[in-house]
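# With the input below, show me the fold.
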Amino acid sequence: MTVAVTTLRATIASALSNPSVWQVCDHVPASPLANSIVIAPDDPYISPSNNNWATVSPMANFILKLYVPLLDNQGSLQAMEQFMVDAFNLLAASSIKYKIGSVSGVSVDTTAGDLLTADLRISVLTSWS
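Okay, here's the model as predicted:
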């Protein structure tokens, strides 16, 4: 399934939905919350495949920012690893044409409380219309 650029973030959010376990935000919020996935544009955001934009689909690049509570090193790291696996499995089960990129190392984010975070990069085949 090729999704238009204008609805792609919402489509990814829907594919990652798991409301009893985490929330998904299809935009960057002012303050991230624990147990959430934030879908943020990566750089470059959209990569056209060639000069003929109407016939060749571009790639849209995103960072899926995963957040879990920072409680203790071992437990929080295990929660993050399980979160990564669960997010990957939901993407795999979707009909979105994507490519998994790199997964960042785990880091601490104290901007909105004590959170452990990691970035999962994906590229999605999209369309202009």
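# Name the helix or strand of the protein that has the lowest mean pLDDT.
In the chain, no helix or strand scores lower on mean pLDDT, DSSP states H and E than strand 3-4, which sits at a mean of 82.
# Check which element follows that strand along the chain.
For strand 3-4, the following helix or strand on the C-terminal side (DSSP states H and E) is helix 8-15.
# So what touches the following helix or strand past that next one?
Once helix 8-15 ends, the next helix or strand along the chain (criterion: DSSP H and E) is strand 23-25. Contacts with strand 23-25, where a contact means C-beta atoms under 8 Å, 6 or more residues apart in numbering, come from 13, 16-18, 32-33, 35-39. (C-beta placed from N, C-alpha, C; glycine too.)
# again, but for stretch 32-52
By C-beta under 8 Å, 6+ apart, the residues outside stretch 32-52 that reach it are 5, 9, 12-13, 16, 21-29, 56-69, 87, 109, 111-113, 115, 117, 121, 123, 126.
# elements contacting the longest helix seen in the chain?
Selection of the longest helix in the chain by residue count, based on DSSP state H, yields helix 73-93. Applying 3 or more C-beta pairs under 8 Å, 6 or more residues apart in numbering; DSSP states H and E, one finds that helix 73-93 makes contact with helix 8-15, strand 59-69, strand 98-103, strand 115-127.
# Run through who's touching the third one.
Right, the one you point to is strand 98-103. Strand 98-103 is contacted from outside by 61, 84, 88, 91, 118-125, using C-beta under 8 Å, 6+ apart.
# again, but for stretch 73-92
If you take C-beta under 8 Å, 6+ apart as the criterion, stretch 73-92 is touched by 15-18, 21-22, 37, 64, 66, 68-70, 98, 100, 103, 106, 116, 118, 120, 122.
# Pull the contacting residues for the most centrally placed residue in the chain.
The centre of the chain sits closest to residue 64, judged by C-alpha atoms, centre = their mean, with a distance of 2.2 Å. Residue 64 is in contact with 12, 16, 37-40, 87, 119-122, counting by C-beta under 8 Å, 6+ apart.
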